[in-house]
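Participant: turn this into a structure:
(chains A and B)
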Amino acid sequence: MATKAIKERDPLDPVRGRKLLVEGGPSFHEVTEQVCVPVEDPPLAWWLAFIPSLALLGVFGLAVTWLLWFGVGIWGLNNPVDWGWAIVNFVFWVGIGHAGTLISAILFLFRQQWRTAVNRSAEAMTIFAVICALQFPTLHTGRPWAIYWSLPIPNQMGMWPNFRSPLLWDVFAVATYFTVSLLFWYVGLIPDLATMRDRATTKIRRLAYGIFALGWRGSTRHWQHYEKAYLLLAGLATPLVLSVHTIVSFDFAVSQLPGWHTTIFPPYFVAGAIFSGFAMVLTLLIPIRKWYGLEHIITIKHLENMAKIILLTGSLVGYAYGMEFFIAWYSGNPYESFAFVNRAFGPYAWAYWIMISCNVISPQLVWFKKVRRSPVALFILSIFVNIGMWFERFVITVTSLHRDFLPSSWDYYQPTIWDLAMLVGSFGLFFTLFCLFLRYLPMIAIAEVKTVMPEADPHHGDDH
Amino acid sequence: MAKTKGPKKFGLLAEYDTPGAIFKACEKVRDAGYRRWDSFTPFPVHNLDKAMGIKPSVLPWIVFACGMTGAACGMLLQWYTSTIVYPIVIAGKPLFSAQANVPVTFEVGILFASFGAVFGMLGLNKLPAFHHPLFKVPRFSRATDDRFFIAIEAIDPRYDLEKTKKLLEDTGAVKVEEVEE
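Facilitator: Reported below is the predicted structural model:
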């Protein structure tokens, strides 16, 4: 019993007495090798992931082509429910995008050093999730070639966007978020691109990585400005990430519809976004750490930490569900009460209870240490959370719309096969982009991981 | 400086194998009074800039200025388009109000500040710069992997091939070599 307890404990850093972030005591060179070799010579599993992703991307291409040919009538939208899966998928994907910036910016400001093992892939996930998200409102306009009308570009019509509309705030928030995430990701990549350049064995590789590495040479005079830029970007991205899902929630909260017009929406949406984003990080990283042999860099402790964040944000989301119900009753507003009772016991009760079981009940299993240290259990849990968070957006969007103020307008919304093809296809877009990232870029921030190894401390081994 | 034969020299390059070694070496080179020199590490070594005696970065001021410019532009854009060039009353809302215009002002401010951080950093570092004499040294490719280097440039007023070489060797360098321009 006693020996077993010792065995299960994580290896500790001899100086700080904290958990070692990189297990097995590799040298700096070994870390470089372990991260770069799978990029230079991908494992077979990469192809097994890439080919089905590409097939799903084909489904997306087909669905978009059909949509552009026939128009949004191929979707299941009807008269009260004119915001169907397009907005559901948009909010779902934007939400997933939030974990990347949380890991890269907020955990950086809180000096959570374990972030270094997961931040690169989480940021990549953010960028690809936002790309997926942007497909839906763009296509939902019906005329995606005119989407530039949403931007303040001087034009021959003399028209300007309506800056009082939350939908336009969304354009600015999501566009800024995408740009800043991309910049943050790229800045983090520069030193690692230089590593890839200096290891390159072919001319093309050397040139390609060399161009994007911008001539980085690891100069301390450069590192000084670089670290300052990184800190400032983290400081800027932190309020940004909180603002983005706040503004996404304004799309609902600023309207006058029962079930949408609530002040709890911004914090509730942000918590939900982080919840779903961490679930997606786990969905992606649990198989990849195995296929790429990175279990000593993305350790069980890293998974455990992310599981704890899922528990926290999942509980926040559960609290928000409860509080919405309480306020619906406490406000004494009959429309508001009706909307919530209808949510839980009306025609969409099935969706509501899927949402509750996946988002509120399933994360509570993380209280058990056995669950949060088991990659298989966490993988299954993360799938449940992904499903639950999709249903959350479905419930919010559809239940408030399908019961109009005028009962003669009431209707039941059902998606068509094309709605489904768009959603499934968007996963193809997401996974294809993620596979390409794994194929060409180091998925671990090599330079950053080296800084959290005990040997990186210039006073390592000194007797103080 | 005495004219030497052969191609022009860039300076001396010393190699170290641990962050601790280069930290102590940088303190010695700094104390010897050199100005045109630099160190190269695969990752930012904590406080190495202080060991080298480099002044703090001015980047925060650039970012602050960019952020304020962005926020002002965002606010002005909204005010100008919705009251001067395209005044349309929608849902009875006022043409311009501070509340409705906060989100866009904030986002544009963040966007400009981020551009300031990234491009300001690249500008201060004089990057992109695809040519550098050190790139011709085969050993230097390990500066992005697991080795630590100090380079003292020949144009430094205190530079003297023998004396500088001796200084670097005394700091515990694994290897010291002269690099051509």
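Participant: so residue A:190 touches residue A:214, yeah?
Facilitator: Yes. Taking contacts as C-beta atoms under 8 Å, residue A:190 lies within contact range of residue A:214: 6.2 Å. Placement of C-beta: from N, CA and C, glycine included.
Participant: how is chain B partitioned into domains?
Facilitator: B:9-55+B:132-180, B:59-124 (automatic domain parsing).
Participant: measure the residue of the stretch 351-464 of chain A found nearest chain B to residue A:27 for me?
Facilitator: The stretch 351-464 of chain A approaches chain B most closely through residue A:458 (3.6 Å), counting by C-beta to the nearest C-beta. Using C-beta to C-beta, to the nearest Å, we find residue A:458 at a distance of 17 Å from residue A:27.
Participant: neighbour count winner among these two?
Facilitator: residue A:458 (21 against 12; other C-beta atoms under 10 Å in any protein chain shown).
Participant: all helices of chain B, in order?
Facilitator: B:19-31, B:48-52, B:59-79, B:102-124, B:161-170 (DSSP state H).
Participant: okay, those helices, which one's buried deepest?
Facilitator: For the helices of chain B, the largest average neighbour count (mean count of other C-beta atoms under 10 Å in any protein chain shown) is found in helix B:102-124, namely a mean of 22.
Participant: can I get it in PDB, CA atoms only?
Facilitator: Extracted in PDB, the C-alpha atoms of helix B:102-124 (Å, rounded to 0.1, in the frame of the first residue of the first chain):
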ATOM      1  CA  VAL B 102     -17.800  50.900 -26.300                       C
ATOM      2  CA  PRO B 103     -17.400  47.400 -27.800                       C
ATOM      3  CA  VAL B 104     -16.000  48.500 -31.200                       C
ATOM      4  CA  THR B 105     -13.800  51.200 -29.500                       C
ATOM      5  CA  PHE B 106     -12.300  48.500 -27.200                       C
ATOM      6  CA  GLU B 107     -11.700  46.000 -30.000                       C
ATOM      7  CA  VAL B 108     -10.000  48.400 -32.300                       C
ATOM      8  CA  GLY B 109      -7.800  49.600 -29.400                       C
ATOM      9  CA  ILE B 110      -6.800  46.100 -28.600                       C
ATOM     10  CA  LEU B 111      -6.200  45.400 -32.300                       C
ATOM     11  CA  PHE B 112      -3.900  48.400 -32.800                       C
ATOM     12  CA  ALA B 113      -2.000  47.700 -29.500                       C
ATOM     13  CA  SER B 114      -1.400  44.100 -30.600                       C
ATOM     14  CA  PHE B 115       0.000  45.300 -34.000                       C
ATOM     15  CA  GLY B 116       2.200  47.700 -32.000                       C
ATOM     16  CA  ALA B 117       3.500  44.800 -29.800                       C
ATOM     17  CA  VAL B 118       4.300  42.500 -32.700                       C
ATOM     18  CA  PHE B 119       5.600  45.000 -35.300                       C
ATOM     19  CA  GLY B 120       7.200  47.100 -32.600                       C
ATOM     20  CA  MET B 121       9.100  44.100 -31.300                       C
ATOM     21  CA  LEU B 122      10.200  43.200 -34.900                       C
ATOM     22  CA  GLY B 123      11.200  46.800 -35.500                       C
ATOM     23  CA  LEU B 124      13.300  47.100 -32.300                       C
END
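Participant: any low-confidence regions in chain B?
Facilitator: Applying pLDDT under 70 to chain B picks out residues B:1-6.
Participant: my read: the residue of the stretch 351-464 of chain A closest to chain B touches residue B:45, true?
Facilitator: Yes. Using C-beta under 8 Å, residue A:458 is in contact with residue B:45, at 5.6 Å.
Participant: anything in contact with each of the two?
Facilitator: The contact sets of residue A:458 and residue B:45 overlap at B:19, B:22, B:23 (C-beta atoms under 8 Å, 6 or more residues apart in numbering or on different chains).
Participant: with distance to chain A added, can I get those in CSV?
Facilitator: Below are the shared contacts of residue A:458 and residue B:45 laid out as CSV (distance: C-beta to the nearest C-beta, whole Å):
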residue, distance to chain A
B:19, 5
B:22, 8
B:23, 4
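Participant: tell me where the stretch 101-250 of chain A has helices.
Facilitator: For the stretch 101-250 of chain A, the helices defined by DSSP state H, counting those that start in this stretch cover A:107-109, A:115-140, A:166-199, A:203-213, A:220-253.
Participant: what's the burial count for residue A:152?
Facilitator: So residue A:152, with other C-beta under 10 Å, has 18 neighbours.
Participant: you'd agree it is up against residue B:77?
Facilitator: Yes. Residue A:152 lies in contact with residue B:77 (C-beta under 8 Å); the separation is 5.9 Å.
Participant: can you give me the pLDDT of residue A:14?
Facilitator: Residue A:14 is assigned a predicted lDDT (pLDDT) of 65.
Participant: apart from its neighbours in sequence, what residue is nearest the residue nearest the centre of chain B?
Facilitator: The centroid of chain B falls nearest to residue B:125 when counting by C-alpha atoms, centre = their mean (3.7 Å). Among residues not flanking residue B:125 along the chain, residue A:222 sits closest, at 4.4 Å (C-beta to C-beta, 6 or more residues apart in numbering or on different chains).
Participant: show me the contacts for that neighbour.
Facilitator: A:216, B:125, B:127.
Participant: do residue B:73 as well
Facilitator: For residue B:73, the contact set (C-beta under 8 Å, 6+ apart) comprises B:108, B:112.
Participant: quick check: it vs residue A:283, distance?
Facilitator: 40 Å.
Participant: hmm, residue B:169 is touching residue B:176, no?
Facilitator: Yes. In terms of C-beta under 8 Å, residue B:169 counts as a neighbour of residue B:176; the distance is 5.5 Å.
Participant: quick one: residues contacting the closest residue to residue A:252 other than its chain neighbours.
Facilitator: The spatially closest residue to residue A:252, leaving aside those adjacent along the chain, is residue A:260, at 4.0 Å (C-beta to C-beta, 6+ apart). Residue A:260 is in contact with A:252, A:253, A:396, A:400, counting by C-beta under 8 Å, 6+ apart.
Participant: which SS class is residue A:260?
Facilitator: With DSSP: H, G, I helix; E, B strand; the rest coil as the basis, residue A:260 sits in coil.
Participant: and the gap between it and residue B:165?
Facilitator: Counting by C-beta to C-beta, the separation of residue A:260 from residue B:165 is 73 Å.
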